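1. Provided below for reference: sequence and predicted model.
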Amino acid sequence: MTRDGRRYWLMKSEPGCFSFADLQGRPGQTEHWDGVRNFQARNLLRDELQVGDGVLFYHSNTAQPAIVGLARVVHAGYPDFTACDPRSDHFDPRASAAYPIWYMVDVQGLAALPQPLTRDDLRRHPLLCRMDVLRKGNRLSVQPVREEEWRAVLEVAGLNDPLDRQR
DNA sequence: GCCAACGTTGGC
DNA sequence: GCCAACGTTGGC
C-alpha cells in the first residue's frame, strides 16, 4: 500500500549551524538531517516524510528568521547514527543499533528563494499567515505544511514548482 | 540578553 | 499518574 500524493513540510535550521547555502554546497545538494531530539518531530521523520515530499527550508534563531529555500526529501526515515556516536553533540546513550530511538531523512536542495520570506512577509499573506511556524511557542523542527501554503510560497517567490521537474 | 512556551525528567 | 523543576527553543 503506497501513499498517494506528495506532502509538504517545513524544516528549521539555525543558519549558524547549517544554512541553506551549506545544503547547496553539499555533493548533489544532499545531506542527512540529523540531530532531531524531539519525539513528535522524530515520529514525523520516521513515519511520515516520504521520498518526493516538498520541504520549505526555514532559518530559525537568527536576526532575520525566514523561509529561504526549497528542498525535497530524497531518503525516507532511517536511524540517526549520530545518536550512537559518543563524539557527536547529539549523542544519546540510550540509543543503540537495535533501538535507534532517533531518526533522520536525507534532503536535497532545489532552489533558493529570490528573497527570503520573513515572518512579517508570512503574516501579511492571507494564506501564509496561518502557517504553524508563526504560532507562538511552536518549537517543532519539522512541521507539516498545507498544499496551498506550498503553492503560495512558490507564487510569492515567482517560481515554478521545482518538484514537477523531478517526476 | 530576556523570557514565554514547551518537552522531559524524576520525586513522590 | 501528578506536577514541580529544569533545560531548550527561538522570537524579539
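-> Everything's here; your move. Source: prediction; values computed, not measured.
2. Might you list the low-confidence residue ranges for chain A?
-> A:1-4, A:167 (pLDDT under 70).
3. Scan it for its longest helix.
-> Secondary structure of chain A per DSSP state H: the longest helix is helix A:147-157.
4. With only the CA atoms kept, save it in CSV.
-> Taking C-alpha atoms only, helix A:147-157 is exported to CSV below (Å, rounded to 0.1, in the frame of the first residue of the first chain):
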residue,chain,number,x,y,z
GLU,A,147,-0.5,22.3,-0.1
GLU,A,148,-1.9,25.7,-0.6
GLU,A,149,0.9,27.1,1.6
TRP,A,150,3.5,25.4,-0.6
ARG,A,151,1.8,26.9,-3.7
ALA,A,152,1.6,30.3,-2.1
VAL,A,153,5.3,30.3,-1.3
LEU,A,154,6.0,29.5,-4.9
GLU,A,155,3.7,32.2,-6.2
VAL,A,156,5.1,34.9,-3.9
ALA,A,157,8.7,33.8,-4.9
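5. which helices and strands sit right next to it?
-> Where contact means 3 or more C-beta pairs under 8 Å, 6 or more residues apart in numbering; DSSP states H and E, helix A:147-157 is packed against strand A:8-13, strand A:54-59, strand A:66-79, strand A:103-118. All C-beta atoms are positioned from the backbone trio N, CA, C, and that covers glycine.
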